[in-house]
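Participant: here's my sequence, what's the structure:
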Amino acid sequence: MQITAIPGAGFDANIYLISGMRHVLVDAGTGFNSAYVYRKLEESIPLENIDIVVLTHEHFDHCGGVADLREHCTAQVYIHKDGASVVEEGEDWSADWFGTSQEPTMVDRKLRDGNDIELGDTSLQALHTPGHSPGSICLYEATSKSLFSGDLIFASGGVGRTDFTGGDTALLARSIHSLDMPVANLYPGHGPYIEGDGQRHVDMAARAVRGWLSP
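Facilitator: Predicted structure coming up:
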């Protein structure tokens, strides 16, 4: 498995290309910077070779670009069932923050907690981790101990905001404390990613939110 990181430009989330026997894209950005994103992707593979786009949650900075991306490839779109309506129906409550609209596109698979996404030679496990948004997920690859954390956890113990629609502070804390797997590599939705020392950053986040847990 090879991971190529495309750091977020402007308001975009980070985008990650996971290449095994299949090519999986984690998140799609806003679509405002699609020329930059496509250029970076094509340094690794042709766009039409992308098999799956997995959206870590339903906020526009992560899913706004997926409809345009599908004009360039036949990739299937996966998102947790609790966030799917934003993409399928073009719900604009998140896009409104950016002064634009969410273009609807088909969701091919509505994920549930524990679902596996096969890469051919390995797999990603989808973990439902609400709190930042109702449909938030992390993705975990066990062999490399890699966690794609969306907006749940960031480097240096940072955690996602909960003051958006559907945010819940106690739920975010429970989601962070539910991560009981070893993490060597942490690939968050924003900011720097960590390779080799990810567990320390996950542990820092867990300590930071311990006081938010409901009794």
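Participant: give the contact list for the most centrally placed residue in the chain.
Facilitator: Centrality entry for the chain: nearest residue to the mean C-alpha point is residue 56, 2.8 Å, by C-alpha atoms, centre = their mean. Taking C-beta atoms under 8 Å, 6 or more residues apart in numbering, we find residue 56 in contact with 13, 26-27, 62, 136-139, 148-151, 189. The way it works is simple: take the backbone N, C-alpha and C, and place the C-beta from them, glycine included.
Participant: report the longest helix in this structure, please.
Facilitator: If you go by DSSP state H, the chain has its longest helix at helix 198-208.
Participant: among the contacts of residue 56, which are located in helices?
Facilitator: Among the contacts of residue 56, the members found in helices (DSSP H) are residue 62.
Participant: I'd like to know how far residue 68 sits from residue 120.
Facilitator: According to C-beta to C-beta, to the nearest Å, residue 68 and residue 120 sit 27 Å apart.
Participant: and for the residue nearest to residue 44 when sequence neighbours are not counted, the neighbour number?
Facilitator: Once flanking residues are discounted, residue 44 sits nearest to residue 4: 5.0 Å by C-beta to C-beta, 6 or more residues apart in numbering. Residues near residue 4, counting by other C-beta atoms under 10 Å, number 16.
Participant: next one: residue 210
Facilitator: A count of nearby residues for residue 210, using other C-beta under 10 Å, gives 11.
Participant: same deal with residue 68?
Facilitator: Residues lying near residue 68 (other C-beta under 10 Å) number 17.
Participant: next one: the one 10 residues further on
Facilitator: Using other C-beta under 10 Å, residue 78 is surrounded by 22 other residues.
Participant: okay, now the unreliable bits of this structure?
Facilitator: Counting by pLDDT under 70, the chain has low-confidence residues at 214-215.
Participant: again, 90 this time
Facilitator: Regions of the chain meeting the criterion pLDDT under 90 cover residues 1, 20, 120-121, 211-215.
Participant: now do the strands in it.
Facilitator: For the chain, strands defined by DSSP state E occupy the ranges 2-6, 15-19, 23-26, 52-54, 76-80, 109-111, 116-118, 123-128, 137-141, 146-150, 185-188, 194-195.
Participant: quick one: contacts for residue 5?
Facilitator: Applying C-beta under 8 Å, 6+ apart to residue 5 gives the contacts 14, 15, 16, 187, 193.
Participant: the same query, at a cut-off of 7 Å, please.
Facilitator: Contacts for residue 5 (C-beta atoms under 7 Å, 6 or more residues apart in numbering) come out as 14, 16, 187, 193.
Participant: cool, thanks, talk later.
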